[in-house]
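A.B. asks: sequence and predicted structure, then a few things I'm wondering about:
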Amino acid sequence: MANKKPVASISLDLDNQWSYMKIHGDEGWDKYPSYFSIFVPHVLNVLDELDLKITFFIVGKDTETEENRKYLRMITERGHEVGNHSYNHESWLQTYSYEKIEKEIREAEEAIEKVTGQRPTGFRGPGFSWSKDLLKVLESRGYKYDASTLPTYLGPLARMYYFKKSNLSKEEKKARKELFGKFSEGFRSLKPYNWDLGEGKTITEIPVTTMPIFKLPFHLSYLIYLGNISMPLMKLYLNSAIGMCKMTNTPVSFLLHPLDLIGGDQVAELAFFPGMNVSSGKKVEVFKNVIRSLSADYDMVSMMKHLDYMETNKKMNYKKI
């Protein structure tokens with residue numbers, strides 16, 4: 001039986017402390033410091049309180065230590081779904097050869113399954129990176145969906161801001177020249193669809209949802225920023241986005257990152273990141289407000305249940321790359 005409400009899937013890109021340091025160009029990232037002992041129990045308790053089961057996109061590199069593995073196992077033990085977020089979390093994945101992409105996906109997939117007991121069937125590229133070769137690799141390995149596209153016109157502005165705030169060299173910036181995508185990403189569909197890969201092969205795309213028409217992001221990072229200025233402003237922005245999704249019959253794929261739910265009070269090493277001056281308690285308060293607003297109009301589900309809903313209700317078109 002079809003759901004009475006449309007769905008809103010919740011997913012979290014489980015980027016670790018070292019990956020934020022790597023993005024910023026900080027020394028010591030290659031020692032792979034981890035905050036999993038702080039973050040994972042914290043987020044799982046928040047999700048339990050809200051009775052939410054979500055999808056965690058895991059980086060393969062984080063499976064290499066037993067300390068990390070202990071916390072990654074907790075995710076599936078507490079009933080959550082896992083997805084593949086690449087092995088090395090490099091946001092220029094779309095520049096890789098087919099063979100290198102295949103290695104990234106396969107090694108991460110195998111490591112995640114070994115640690116969590118669950119084989120990932122969905123993928124999200126770090127930094128919203130994707131390519132035709134990536135989609136072909138995913139299809140060949142039996143993945144059900146990709147979730148790497150962010151339909152917004154703001155990618156170049158986000159990249160400019162990121163470069164300005166980072167400690168990256170010219171060479172590193174050149175390698176990341178397509179980070180967050182081009183202006184043309186804003187023209188992509190917000191509704192899930194099937195990529196036509198040729199020869200009868202397809203894979204489903206579930207985009208991260210942005211505000212219909214305007215294509216402005218409203219995932220939690222943006223709402224935290226607005227909430228720090230004014231909670232009424234944050235609620236107005238969120239309710240406007242939800243209202244436009246309802247008006248256009250757009251199911252919601254809502255994205256979380258670890259730093260959306262913990263502040264500099266718990267991870268002082270990342271205090272330099274935007275929004276880390278906001279306390280963990282305030283961030284959780286904003287998140288709970290968001291979930292209450294979404295759940296009034298949507299059934300809150302994992303990514304695979306989002307896909308099941310779309311397939312059951314025959315909501316998808318086919319698009320050529």
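C.D. replies: Thanks, I have the structure now. Residues are numbered from 1 along each chain as shown.
A.B. asks: ranges for the strands of the stretch 201-321 of the chain?
C.D. replies: Assigned by DSSP state E, counting those that start in this stretch, the stretch 201-321 of the chain shows strands spanning 201-205, 252-256, 299-301, 318-320.
A.B. asks: give the contact list for G198.
C.D. replies: Residues near G198 by Cβ atoms under 8 Å, 6 or more residues apart in numbering: none. C-betas here are computed from N, CA, C, even on glycine.
A.B. asks: how about G79?
C.D. replies: Contacts of G79 by Cβ under 8 Å, 6+ apart are K53.
A.B. asks: what's the helix or strand for it?
C.D. replies: If you go by DSSP states H and E, G79 is not part of any helix or strand.
A.B. asks: and the gap between K144 and Y193?
C.D. replies: To Y193, K144 is 14 Å away according to Cβ to Cβ, to the nearest Å.
A.B. asks: need the residues touching each of the two.
C.D. replies: Counting by Cβ under 8 Å, 6+ apart, the common neighbours of K144 and Y193 are T204.
A.B. asks: show me where the stretch 1-150 of the chain has its strands.
C.D. replies: So, for the stretch 1-150 of the chain - with DSSP E, counting those that start in this stretch - the strands run 7-13, 55-58, 81-84, 122-123, 145-146.
A.B. asks: nearest to M21, of the strands of the stretch 201-321 of the chain?
C.D. replies: strand 252-256 (19.8 Å; Cβ to Cβ).
A.B. asks: which elements pack onto the closest one?
C.D. replies: Packing partners of strand 252-256 (3 or more Cβ pairs under 8 Å, 6 or more residues apart in numbering; DSSP states H and E): strand 7-13, helix 220-229, helix 280-295.
A.B. asks: okay, those, which one's buried deepest?
C.D. replies: Counting by mean count of other Cβ atoms under 10 Å, strand 7-13 has the highest mean neighbour count of those, with a mean of 24.
A.B. asks: which residues are in contact with D308?
C.D. replies: Applying Cβ under 8 Å, 6+ apart, no residues contact D308.
A.B. asks: now tabulate the strands of the stretch 201-321 of the chain in a markdown table and tack on mean pLDDT.
C.D. replies: What follows is the strands of the stretch 201-321 of the chain, written out as a markdown table (pLDDT from 0 to 100):
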| stretch | mean pLDDT |
| --- | --- |
| strand 201-205 | 95 |
| strand 252-256 | 97 |
| strand 299-301 | 96 |
| strand 318-320 | 60 |
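A.B. asks: for L52, which of the ones you listed is the nearest?
C.D. replies: Ranking the strands of the stretch 201-321 of the chain by proximity to L52 (Cβ to Cβ) places strand 299-301 first, at 5.8 Å.
A.B. asks: run the chain-centre distance for that closest one.
C.D. replies: 16 Å (Cα atoms, centre = their mean, to the nearest Å).
A.B. asks: do stretch 105-112 as well
C.D. replies: The chain centroid and the centroid of stretch 105-112 are separated by 18 Å under Cα atoms, centre = their mean.
A.B. asks: before we move on, back to that, which stretch in the helices and strands packed on strand 252-256 has the least confidence?
C.D. replies: Ranked by mean pLDDT, those end with helix 220-229 at the bottom, a mean of 91.
A.B. asks: against which helices or strands is the longest helix anywhere in the chain packed?
C.D. replies: Across the chain, the longest stretch assigned as helix under DSSP state H is helix 98-116. In terms of contacts (3+ Cβ pairs under 8 Å, 6+ apart), helix 98-116 is packed against strand 55-58, helix 66-77, strand 81-84, helix 132-140.
A.B. asks: reformat those as TSV; add distance to S302, mean neighbour count and mean pLDDT.
C.D. replies: Shown next, in TSV, are those (distance: least, Cβ to Cβ, whole Å; neighbours: other Cβ atoms under 10 Å; pLDDT from 0 to 100):
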stretch	distance to S302	mean neighbour count	mean pLDDT
strand 55-58	5	27	98
helix 66-77	12	16	98
strand 81-84	4	26	98
helix 132-140	18	20	97
